[in-house]
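Participant: Just need the structure, nothing else, for what follows:
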Amino acid sequence: MSARQSPASLPVSESFQTVTKNITQRICLLLLFSLPIQTEASFDKGMRFYERELYTHALNTFLKAAKTGDARAQLMAGRLYADGRGGDYDSDQAYIWYQKAADQNLPEGQYLLGMQYLEPGNPNHNQTKAIGWIRKAAEQGLTDAQYQLGMMYKQGIGTGSSLKRAGIWLQKAAGQGHSSAQYEMGLLSEDGPGAGQNYPAAVRWHTLAAEQGHPKASLAVAYLHYYGLGTSVNLEQAIHWLQRASDTGLLVAQYNLAVLYEHYPRIKPNLDASRKWYKSACSSGYTRACKPYQRLQMSYQQKLESTVETAKYP
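Facilitator: Predicted structure coming up:
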């Protein structure tokens, strides 16, 4: 199996997409008892429109509640403007409503306002303000904010790079089940400087993320089992996790799975499976897989032709 490719740091946009997928469920659980009953009903009505994908009605309803001070409605109005649903995309309006929600100490509002400051090309782009707001949300326990803050410390975005601080915040998010944070904790455990390197911890964190379907974590677990780092050498486990990663479309995993099927164990290769995964990786643009696929395909054709000739002339 070839050396595992070092993945690029997770883009900010991926974290933004993650929180917007989960934020609706979380916002429904918030209890703002100080709100008037009429405002509460207006927000609930907006959520019903939102869940039915009637975004124009949802936006209009949220705006009515937002103008009365409902932080949840302010957040949802900002989301709809940021996504361009219910009207035209309007980053300025998204910023205004996220700011209002953040000023009311709503962690999701603080997080999304911080992410707004990180948007490339945004006239409000400001990494220092971004990390300030994201930290506020992280300190309130918002998992996505904790993960993002950890990544910002790791990459030195809006602050000086600090693996120690990165580890603190990534571990908080990982402990709450955030799969990307668990994967990053696995990388920190693998790559920790000096005595900080801890392969058993890397196996534990990567496995937790892989069990949630994280493709790169599945690849990392396969790598650790293959080389016996932090665990015993186990080719069956390596194949299992490479298969999981390959099924998600991760091309480097497909290539390594093909290599493993072709060569290991040498006494019992699975050339049909190897040819399948070489082909999948090659056809999707992973050029390193093309030559071995062509070699196996040629061998397969030759055997097929030989079988036909034998059938003709027994």
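
Participant: For the most centrally placed residue in the chain, identify the helix or strand it belongs to.
Facilitator: Among the residues of the chain, the one closest to the centroid is Ser180, at 5.4 Å (C-alpha atoms, centre = their mean). Ser180 belongs to helix 179-191 when assigned by DSSP states H and E.

Participant: again, but for Asp272
Facilitator: Residue-wise, Asp272 maps onto helix 271-283 under DSSP H and E.

Participant: which strands and helices sit next to the following helix or strand past that helix?
Facilitator: Next in sequence after helix 271-283, counting helices and strands by DSSP H and E, comes helix 290-312. Helices and strands touching helix 290-312, by 3 or more C-beta pairs under 8 Å, 6 or more residues apart in numbering; DSSP states H and E, are helix 251-263, helix 271-283. In this view, the C-beta of every residue, glycine as well, is placed from N, C-alpha and C.

Participant: got the angle for the first one vs helix 271-283?
Facilitator: Right, helix 251-263. 150 degrees (axes from the mean of the first three to the mean of the last three C-alpha atoms, to 10 degrees).

Participant: deepest of the helices and strands packed on helix 290-312, which one?
Facilitator: helix 251-263 (a mean of 23; mean count of other C-beta atoms under 10 Å).

Participant: Check the offset of that helix from the chain's centre.
Facilitator: Relative to its parent chain, helix 251-263 has a centroid offset of 23 Å by C-alpha atoms, centre = their mean, to the nearest Å.

Participant: Counting neighbours, which bits of the helix or strand following the helix holding Ser180 end up buried?
Facilitator: Next helix or strand after helix 179-191 toward the C-terminus (DSSP H and E): helix 199-211. Neighbour counts over helix 199-211 (16 or more other C-beta atoms under 10 Å) mark 199, 201-210 as buried.

Participant: quick one: helix 199-211 to helix 179-191, angle?
Facilitator: With the same axes, to 10 degrees defining the directions, helix 199-211 sits at 160 degrees from helix 179-191.

Participant: Relative to the whole chain's centre, how far out is the helix or strand just after helix 199-211?
Facilitator: Towards the C-terminus, the helix or strand next in line after helix 199-211, according to DSSP H and E, is helix 215-227. Centre-to-centre, helix 215-227 and its host chain are 17 Å apart (C-alpha atoms, centre = their mean).
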